[in-house]
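1. build me a model from this:
(2 chains)
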Protein chains: 2
Amino acid sequence: MASVDVPVALLGYGTVGAAVNRLLTDSADDIERATGHRLRIVKALVQDPGKEREYPPAGGVLTTDFREIAEDASIAVVAEVMGGIEPAGGYVLELLRGGKHVVSANKQLIARRGAELFEAASSSGVQLRFEASVCAAIPVIKVLRESLVVTNVHRVLGIVNGTTNFVLTEMEGGKTYGEALAEAQARGYAEADPTDDVSGADAAAKMAILATVAFNSRVDLADVEYSGITGIDPLDVAAARQLDMVIRLVGAARLVDGHVDVRVHPALVDKQHPLAKVDGAFNAVMLQGDAIREITLEGPGAGGIETASAVIADITTVIGTMHTGFLQNDAAWRTLPKLPAGDNRSPFYFRLSVEDRPGALAQVAEALAQREISIARLLQHQNGDGAALHVVTHQARAGALDEALAALGGLSDVHRRSNPLPVVSDRGVSELGWA
Amino acid sequence: MASVDVPVALLGYGTVGAAVNRLLTDSADDIERATGHRLRIVKALVQDPGKEREYPPAGGVLTTDFREIAEDASIAVVAEVMGGIEPAGGYVLELLRGGKHVVSANKQLIARRGAELFEAASSSGVQLRFEASVCAAIPVIKVLRESLVVTNVHRVLGIVNGTTNFVLTEMEGGKTYGEALAEAQARGYAEADPTDDVSGADAAAKMAILATVAFNSRVDLADVEYSGITGIDPLDVAAARQLDMVIRLVGAARLVDGHVDVRVHPALVDKQHPLAKVDGAFNAVMLQGDAIREITLEGPGAGGIETASAVIADITTVIGTMHTGFLQNDAAWRTLPKLPAGDNRSPFYFRLSVEDRPGALAQVAEALAQREISIARLLQHQNGDGAALHVVTHQARAGALDEALAALGGLSDVHRRSNPLPVVSDRGVSELGWA
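-> Alright, predicted model coming up:
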């Protein structure tokens, strides 16, 4: 097949945009050999063309006028690497409606406005691809959509935020949350304002996208329950260690009896579990399904070059499939109901202080037993005047545990010391509950 | 896009063939939604149509006549799931030359006759896909070819044989090789004749295929140096434990200064290394490249359903890309030279018995130093009349170490006790040597 010149446009030319241009230029021969097409960046939308840039593009490529891209019929594929909801969202929508394929690295945009964008792409018969929006170069979207097409994936479990994984790993070494975060910032793993990462919001957006693709059901960011790691203190880390576990921010998306449950929480993870072994700023995603049992993908979940690599993989896939109708924008063809609040099940960990008096432990055990919650592990140690209790339950309904803890909170002998954390203790599906 | 009916033929209808038919039937709606095509098995070549089968196909599907498939112009895609080199190889070649796309699960065929088959596919402008030939449902071929298209992957490191991984894991628990193998056979992880697995031949075939795809260079099975696990005894396992390592059968494919080096050997793997953590019969493949640093894929590397899942993923990918020329059969567009024997570098482990006399250790150290080999770790303990020495070297040329060990073998005070085993101690690329 003769080589075909393919003009590509970028929205944005920051770190990722420059890396896309550099990789496309450096690897033009490889791409041509693999796809029969020669890719070339012909336009890049920026705010300030005069700004000094890494790997500046050829003359005439930078433009401040979106119309130069939208109205150029020779451009069939546009990569959105500008970030933010607007104006990126409006641009992407217009491009899709105008019949251009779009590749986006924008996790917030896909997680918040995916339904609208998928629909626009389907109506126009073009593709919207977004590998780079989740875990950078780890090809989890492609694997879910193209490799596991006959596998009913019913659970996705992941460490999808490298910043928090690094912070929690550092805390195991004895650092406080503040010290670990400062170290992450010094190494460039955390932003000056780390809120999006440490709150769990970043991981929640990624899990919304993964759940959408895995279950072919629209999951909006607003459907994801999440909490972050700012409240984790060294006592939690020490308690986890006593139980041969570590604390990790775990994202979990599950299909439960036709309902979708997607959440991100700090969790206690057994040291033997694969997710406990994900190092520092790396990400890992486990996909569990009928035909494949479990496939895990691990790698760097961030980085300019890594993200650019995923953007280019999407561009080449679009080019390789654009005339076939292959893998249309079916990511959201159905809308499954959300699992009702409190119905998610899991083993849980929590800690209590009890007065060192006969009967205190009996009250705790009774409050749990009344709600059909059984205790799997119990550690007790002296703590000043009272006793500290570390409790790990068997599988329990989250709502039932909340009720039990509320009831215990009303007792004078018992003081709650932590919110319950889910426990990920076994890679076997049956044992894993929420996670 | 209107749905298109796609007749598919199978060569073979054993465990994998039946699973392909069942998954295609059960998931017909999912596949149609994702691809716009409805797949249907219309012919399956078998030796004995009267044999009782799991999930028997519809009437008229089974045939003993290859011509019914080769000459049926309505069949565009054929999945080869019969195994063996012949007649499978001749059939695949004829189908490709006749303009049919072929998906093969046959690792021996691809590893031994890939070059010829790729060339036939390219000449005819059809695709030959073979995801299922390596690690079943782990989508490592697709990821290498489509996701990492701009990443110069320079190293592939893997545990690609579940049987040996299970046996070695069991040996850590105290079993002898024979006991562990019997356990693997009892659980269905090892064949009655386990030679292909325990000799390293199975892993070598997979590494030949992975190297071909990763480096776009023809690597034949005959180019892969390999050794198996039959010689591993509990002393080796115990020595590894003393060094905080485990023994694993590791496949490694590397690009070194424009040369290709592909090998499979039992290796000492640091317990902190991701490959040490691959459980039981699972497989894992680490891909290291410029743009992505490192991506690891882990999952079940065998199984009828898992293999069938990969076959179907390939069929749908062929269908989705068959009119675009995307990803032609470029797997072997170049032939890089092989790294000369002995030039592979690595840290190595070996063990010696030395007479308990002054000067014995000095002789060992001297023989190594003369060949620029430095010692990284040394354990010595009393062993009957003499002393047992466990030596871990820094990076060394394998050829130089062989010379040193040959020289030591000529000394009356020193008795060699094991072949040197490569050491995989750090996930950082610079430290990893061969592996």
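
2. how about the strands of the stretch 201-350 of chain A, start to end?
-> For the stretch 201-350 of chain A, the strands defined by DSSP state E, counting those that start in this stretch cover A:225-226, A:245-256, A:259-270, A:282-289, A:293-300, A:345-346, A:348-354.

3. show me which residues of the stretch 251-400 of chain A sit near chain B.
-> Remark: the part of the stretch 251-400 of chain A in contact with chain B comprises A:274, A:277, A:279, A:290-300, A:303, A:305-306, A:308-310, A:312-313, A:316-317, A:319-328, A:330, A:333, using C-beta under 8 Å from any C-beta of the partner chain. For every residue, glycine as well, the C-beta is placed using N, CA and C.

4. which ones among the residues you listed are found in helices?
-> Here DSSP state H is the test, and these give A:305-306, A:308-310, A:312-313, A:316-317, A:319-321 as lying in helices.

5. re earlier: which ChimeraX command selects the buried ones in the residues of the stretch 251-400 of chain A next to chain B?
-> Isolation of the buried members of those (16 or more other C-beta atoms under 10 Å in any protein chain shown) is achieved in ChimeraX through the command below:
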select /A:274,277,290,291,292,293,294,295,296,297,298,299,300,303,305,306,308,309,310,312,313,316,317,319,320,321,322,324,325,326,327,328,330
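
6. now, the most widely separated pair of the ones in helices among the residues of the stretch 251-400 of chain A next to chain B?
-> Taking C-beta to C-beta as the measure, these span a maximum distance of 24.6 Å, between A:Ile305 and A:Thr321.

7. which residues does the closest residue to A:Ser104 other than its chain neighbours bridge with?
-> Nearest-residue entry for A:Ser104: A:Glu80, 4.3 Å, with adjacent residues in sequence omitted and distances by C-beta to C-beta, 6 or more residues apart in numbering or on different chains. Using DSSP bridges, the bridge partners assigned to A:Glu80 are A:Leu11, A:Ser104.

8. so A:Glu80 makes contact with A:Tyr91?
-> Yes. Here A:Glu80 lies in contact with A:Tyr91, judged by C-beta atoms under 8 Å, at a distance of 6.9 Å.

9. looking at these two, which one has more neighbours?
-> The residue with the greater number of neighbours, taking A:Glu80 and A:Tyr91 and applying other C-beta atoms under 10 Å in any protein chain shown, is A:Glu80; the counts read 29 against 20.

10. tell me the pLDDT of the more buried one.
-> A:Glu80 carries a pLDDT value of 98.

11. and it, how far from A:Leu24?
-> Going from A:Glu80 to A:Leu24 by C-beta to C-beta, to the nearest Å gives 16 Å.

12. A:Val81 too?
-> In this view, A:Val81 and A:Leu24 are 12 Å apart by C-beta to C-beta.

13. show me the domain layout of chain A.
-> In the assignment given by automatic domain parsing, the structural domains of chain A cover A:4-137+A:306-321, A:143-299, A:345-431.

14. format these as JSON lines; extra columns: distance to B:Ala362.
-> Formatted as JSON lines, the entries for those read as follows, by distance: least, C-beta to C-beta, whole Å:
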{"stretch": "domain A:4-137+A:306-321", "distance to B:Ala362": "50"}
{"stretch": "domain A:143-299", "distance to B:Ala362": "40"}
{"stretch": "domain A:345-431", "distance to B:Ala362": "50"}
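
15. closest to B:Glu131 out of those?
-> In terms of C-beta to C-beta, the element of the domains of chain A nearest to B:Glu131 is domain A:143-299, at 7.5 Å.

16. how far off centre is that closest one?
-> In terms of C-alpha atoms, centre = their mean, to the nearest Å, the centre of domain A:143-299 is found 7 Å from the chain centre.

17. so how far does that domain reach from one end to the other?
-> For domain A:143-299, the first and last residues are 14 Å from each other (C-alpha to C-alpha, to the nearest Å).

18. burial of A:Arg112, as a residue count?
-> Every residue meeting other C-beta under 10 Å relative to A:Arg112 is counted, giving 18.

19. who are the contact partners of it?
-> The contact partners of A:Arg112, taken as C-beta atoms under 8 Å, 6 or more residues apart in numbering or on different chains, are A:85, A:205, A:220-221.

20. cool, A:Ala205 as well?
-> With contact taken as C-beta under 8 Å, 6+ apart, A:Ala205 is in contact with A:107-108, A:110-112, A:221, A:224.

21. mind redoing it with 7 Å?
-> Remark: with contacts taken as C-beta atoms under 7 Å, 6 or more residues apart in numbering or on different chains, A:Ala205 is in contact with A:107-108, A:111, A:221.

22. most widely separated two among these?
-> The largest distance within the contacts of A:Ala205, taken as C-beta to C-beta, falls between A:Lys107 and A:Leu221 and amounts to 9.4 Å.

23. isn't A:Ile31 up against A:Thr317?
-> No. If you go by C-beta atoms under 7 Å, A:Ile31 and A:Thr317 don't touch, sitting 11.5 Å apart.

24. can you list the residues of the stretch 1-150 of chain A near chain B?
-> Residues of the stretch 1-150 of chain A lying close to chain B (C-beta under 7 Å from any C-beta of the partner chain) are A:1, A:23, A:27, A:30-31, A:33-36, A:137-139, A:142-143, A:146-147, A:149-150.

25. switch the cut-off to 10 Å
-> Where proximity means C-beta under 10 Å from any C-beta of the partner chain, the interface of the stretch 1-150 of chain A facing chain B comprises A:1-4, A:19-20, A:22-24, A:26-28, A:30-31, A:33-37, A:39, A:125, A:131, A:135-143, A:145-150.

26. which of those residues count as buried?
-> Among the residues of the stretch 1-150 of chain A next to chain B, those classed as buried by neighbour count (16+ other C-beta under 10 Å) are A:19-20, A:22-24, A:27, A:30-31, A:33-37, A:39, A:131, A:135-143, A:145-150.

27. roughly how far apart are A:Ala332 and A:Leu128?
-> The value you get for A:Ala332 to A:Leu128, if C-beta to C-beta is used, is 11 Å.

28. now for the two: what residues contact both?
-> A:114, A:117-119, A:122 (C-beta atoms under 10 Å, 6 or more residues apart in numbering or on different chains).

29. next SSE after the helix or strand bottoming out on mean pLDDT in chain A?
-> The helix or strand of chain A with the lowest confidence, counting by mean pLDDT, DSSP states H and E, is strand A:414-416 at a mean of 79. For strand A:414-416, the following helix or strand on the C-terminal side (DSSP states H and E) is strand A:421-424.

30. low-confidence ranges in the stretch 301-435 of chain A?
-> Within the stretch 301-435 of chain A, the stretches with pLDDT under 70 are A:324-331, A:426-435.

31. what residue in chain A is the furthest from its centre?
-> Of all residues in chain A, the one whose C-alpha sits farthest from the chain's mean C-alpha position, using C-alpha atoms, centre = their mean, is A:Pro358 at 46.0 Å.
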